[in-house]
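Undergrad: How does the following fold in three dimensions:
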Amino acid sequence: MNVKFNSDGLVVAIAADAYTNEVLMQAYMNAEALEKTLQTGKAHYYSRSRKKLWLKGETSGHYQKVIEVRTDCDGDSILLRVEQTGAACHTGERSCFYTVMKEFEKVPNIAVLFRDCETIAKRRNNPQAGSYTNYLLDKGVEKICKKIGEEASESIIAAMKNDKDELACELADLYYHTFVLMNDRGITLSDVLAVLEERAASERKRNY
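TA: All right, here's what the predicted structure looks like:
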């Protein structure tokens, strides 16, 4: 790989969520860190302050499973597309880039879909008293499917009324109950996105 390390033998490395493209953190790699990352499939970096190699998550447990490694066009920076366990930032925040300097326009982040699915999974593994999610999971697939049918009907009604705000709310409820069903049946959001990506790729080929 044509990686251009700087005079200190380092190259900038950006870690981004492989599924949402959310930028998680920025660090540095030396040749050894890059080699370890490519060999193990886990993100390794070089600490400039400690002057040593470190494995992301070695103390916190917040490992980064590397899905893909890319370089930019000049070869002087690296992009890691990762599957992040827990928080990427040492502060406990999901991303190190949580401080907003200025926001020109509010753009919804698709990462919230994955977080909803993660929350549902946490409820399954660690039930909480009074949790609606746990109530649905305890009742089973028939109850969950019944709720999906109800939310789908309410979405249709909102659409026929041409009420955009109500429709958005009903669709959000429909998505949530669908996510609960996916969890109950052992399907992840990544599984569904992979099907959509495959279909999109087939459509692009047909259009060419």
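Undergrad: Would you mark the buried spots in the helix or strand Met25 falls within?
TA: According to DSSP states H and E, Met25 maps onto strand 23-29. Residues 24-25, 27-29 are the ones in strand 23-29 that count as buried (16 or more other Cβ atoms under 10 Å). In short, each C-beta sits where N, CA and C put it, glycine included.
Undergrad: List the residue ranges of this protein that fall below the pLDDT cut-off.
TA: For the chain, applying pLDDT under 70 flags the ranges 1, 207-208.
Undergrad: remind me, longest helix of it?
TA: As assigned by DSSP state H, the longest helix anywhere in the chain is helix 164-185.
Undergrad: buried stuff in it?
TA: Across helix 164-185, burial judged by 16+ other Cβ under 10 Å covers 167, 170-171, 173-174, 176-184.
Undergrad: same deal with stretch 185-193?
TA: So stretch 185-193, judged by 16+ other Cβ under 10 Å, has buried residues Leu189.
Undergrad: Same check on stretch 72-84?
TA: By 16+ other Cβ under 10 Å, the buried positions in stretch 72-84 come out as 77-82, 84.
Undergrad: who's in contact with that stretch?
TA: 1-4, 6, 11-19, 24, 29, 34, 37, 43, 62, 64-71, 94 (Cβ atoms under 8 Å, 6 or more residues apart in numbering).
Undergrad: now Ile67, what's its secondary structure?
TA: strand (DSSP: H, G, I helix; E, B strand; the rest coil).
Undergrad: Ala18 is in contact with that one, correct?
TA: Yes - contact criterion Cβ atoms under 8 Å: Ile67 and Ala18 qualify, at 4.0 Å.
Undergrad: For these two, work out which one has more neighbours and name it.
TA: The neighbour comparison of Ile67 against Ala18 (other Cβ atoms under 10 Å) goes to Ala18, with 18 against 14.
Undergrad: Would you quantify the distance from that one to Leu34?
TA: With the distance defined as Cβ to Cβ, to the nearest Å, Ala18 ends up 18 Å from Leu34.
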